[in-house]
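Just need the structure, nothing else, for what follows:
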Amino acid sequence: MKSALAALFLLLVGGAVAQEMTFPRDELSIRTAGGQAYKFSIELAVTDAQRQHGLMYRKEMAPDHGMLFDFGQPRRVSMWMENTVLALDMLFIQGDGTISHIRENAVPFSRDIIDSQGPVKFVLEINAGRAKALGIAVGDKVIAKRIGNQW
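Below you'll find the predicted structure:
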């Protein structure tokens, strides 16, 4: 009984600590093929711990906010939505800022693997439906200091 209570305590404390993770902040723009530019306030997931945690447990996110995952080197990336409350659009981004794949409406709490479908250096997560609503498509450019392609 004591070990079960201890395990439950560690699970609850671990969840509370995980929810308190902090992320550096920045801004980026997405420039569509049609010439529109959309600005986002972002959090940066640059360490292994930050990338593993991502947007888990978040219950809301402003429409012009998101999280940029930086994987350091281009590689095939697998994401999932376990412990993620929000439905998300995932924009898979090459090293030069070009969007190479978009996964719209990723299902909250799903353990299904979401594959980048090729090497990418970044993934931008935004609220589900935003990519479609803004007309963001494969081939559009993400402009950010972190990507190294500022205007």
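
dump the residue contacts of the closest residue to Lys59 other than its chain neighbours.
Sequence neighbours aside, Val85 is the residue nearest to Lys59 in space, at 5.4 Å (criterion: CB to CB, 6 or more residues apart in numbering). Any C-beta I mention is one placed from the backbone N, CA and C, and that applies to glycine too. If you count contacts by CB atoms under 8 Å, 6 or more residues apart in numbering, Val85 has them with Met56, Tyr57, Arg58, Lys59, Pro108, Phe109.

Would you mind checking these for buried ones?
Among those, those buried by neighbour count (16 or more other CB atoms under 10 Å) are Met56, Tyr57.

Mind putting the contacts of Val85 into TSV with distance to Arg146?
Listed next are the contacts of Val85 as TSV, based on distance: CB to CB, whole Å:
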residue	distance to Arg146
Met56	21
Tyr57	24
Arg58	20
Lys59	26
Pro108	26
Phe109	28
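
Adding pLDDT, distance to Thr22 and secondary structure, write the contacts of Val85 out as a markdown table.
Formatted as a markdown table, those follow (pLDDT from 0 to 100; distance: CB to CB, whole Å; DSSP: H, G, I helix; E, B strand; the rest coil):
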| residue | pLDDT | distance to Thr22 | secondary structure |
| --- | --- | --- | --- |
| Met56 | 95 | 14 | coil |
| Tyr57 | 94 | 14 | coil |
| Arg58 | 93 | 13 | coil |
| Lys59 | 95 | 17 | coil |
| Pro108 | 97 | 23 | coil |
| Phe109 | 97 | 24 | coil |
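
Closest one of the contacts of Val85 to Lys121?
Among these, Met56 lies closest to Lys121 (CB to CB), at 22.0 Å.

shaky segments in this protein?
The chain contains residues with pLDDT under 70 at 1-19, 150-151.

Quick one: the strands in the protein, in order.
Applying DSSP state E to the chain gives strands spanning 25-31, 37-45, 65-79, 88-93, 99-106, 114-127, 141-144.

Adding mean neighbour count and distance to Leu134, write these out as JSON lines.
What follows is those, written out as JSON lines (neighbours: other CB atoms under 10 Å; distance: least, CB to CB, whole Å):
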{"stretch": "strand 25-31", "mean neighbour count": "17", "distance to Leu134": "7"}
{"stretch": "strand 37-45", "mean neighbour count": "18", "distance to Leu134": "5"}
{"stretch": "strand 65-79", "mean neighbour count": "17", "distance to Leu134": "12"}
{"stretch": "strand 88-93", "mean neighbour count": "26", "distance to Leu134": "10"}
{"stretch": "strand 99-106", "mean neighbour count": "17", "distance to Leu134": "11"}
{"stretch": "strand 114-127", "mean neighbour count": "20", "distance to Leu134": "9"}
{"stretch": "strand 141-144", "mean neighbour count": "21", "distance to Leu134": "12"}
